[in-house]
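Student: how would this look folded up:
(2 chains)
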Amino acid sequence: MGDERTLKTYLKYLEDAGIILTVSKSGRGLRELEKPEKIYLNNPNLSHAIAGHAPAEKGNIRETFFINMTHTLHKVTAHEQGDFFLDGKYAFEIGGNNKGTAQIREVKNAFLAVDNIEIGVGNRIPLWLFGFLY
Amino acid sequence: MYRMNGMSFREFIEVTQDVALRSFKLDEILSSTWETNERSKPI
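Tutor: As a prediction, this is how the structure comes out:
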């Protein structure tokens, strides 16, 4: 790897090809050659394919599902307290059904996207609902 | 877990279960869990 600019260029190629999704602080993406805050595979299917017979890491699968479903219609950026910040307005923490609100208690417009629940209450939204955004 | 072959979750369910579903706006999803008479109903 030649230098940091080369690395960012290669990451941009992977994102353009639909292999990865990157999350940055500003949300301008790799076009600005900004350092990405987080890097995910494009969709959970890729995670399972790469993991093979080993179980893919659930927390990562949940976050990959969430960003894959939301990035199409919304601007997804990194958030200091939560996992993601949508449209500069809503903060999201992703987790399983034991996930508490401690991490985002002080954050305005904060929601938990929770796996393994069927019906949400208040700011606990079932993760599966985000699959119906488009 | 979610194995969707690049489809959206909605498309995946439509294809595998042969049903037609609608999509939701983000604001609809975020307001669907607050308990008012109308919104406390499961979608």
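
Student: What segments of chain B are strands?
Tutor: Ranges of strands within chain B: none, based on DSSP state E.

Student: what's next to stretch A:46-63, contact-wise?
Tutor: Stretch A:46-63 has contacts (Cβ atoms under 8 Å, 6 or more residues apart in numbering or on different chains) with A:19, A:40-41, A:44, A:64, A:83-84, A:94-96, A:113, A:115, A:127, B:1-3. In short, each C-beta sits where N, CA and C put it, glycine included.

Student: one more time with 10 Å
Tutor: Contacts of stretch A:46-63 with the rest of the structure, by Cβ atoms under 10 Å, 6 or more residues apart in numbering or on different chains, involve A:18-21, A:23, A:38, A:40-41, A:43-44, A:64-65, A:68, A:83-84, A:92, A:94-96, A:99, A:113-116, A:127, B:1-3, B:6.

Student: Pull out the buried residues from the residues you listed.
Tutor: For the contacts of stretch A:46-63, a neighbour count by 16 or more other Cβ atoms under 10 Å in any protein chain shown gives the buried set as A:20-21, A:23, A:40-41, A:43-44, A:64-65, A:68, A:83-84, A:92, A:94-95, A:99, A:113-115, A:127, B:2.

Student: show me what contacts the residue nearest to A:K89 when sequence neighbours are not counted?
Tutor: On the basis of Cβ to Cβ, 6 or more residues apart in numbering or on different chains, the spatially nearest residue to A:K89 that is not a chain neighbour turns out to be A:N109, at 6.0 Å. A:N109 makes contact with A:85-86, A:89-92, A:123, B:30, according to Cβ under 10 Å, 6+ apart.

Student: quick check, distance from stretch A:74-89 to the centre of its chain.
Tutor: In this view, stretch A:74-89 has its centroid 9 Å away from the chain centroid, taken as Cα atoms, centre = their mean, to the nearest Å.

Student: Endpoints of it, how far apart?
Tutor: Here the two ends of stretch A:74-89 are set 11 Å apart, with distance taken as Cα to Cα, to the nearest Å.

Student: For that stretch, buried residues please.
Tutor: Burial within stretch A:74-89, assessed by neighbour count using 16+ other Cβ under 10 Å, is assigned to A:74, A:76-79, A:82-86.

Student: Point me to the residue of chain A nearest chain B.
Tutor: With distances taken as Cβ to the nearest Cβ, chain A approaches chain B most closely at A:G131, which sits 2.3 Å away.

Student: quick revisit: from the buried ones among the contacts of stretch A:46-63, which land in helices?
Tutor: A:44, A:64-65, A:68 (DSSP state H).

Student: For these, give me a markdown table that also has pLDDT and distance to chain B.
Tutor: Compiled in a markdown table, those are given as follows (pLDDT from 0 to 100; distance: Cβ to the nearest Cβ, whole Å):
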| residue | pLDDT | distance to chain B |
| --- | --- | --- |
| A:P44 | 88 | 5 |
| A:T64 | 95 | 9 |
| A:F65 | 93 | 5 |
| A:N68 | 92 | 9 |
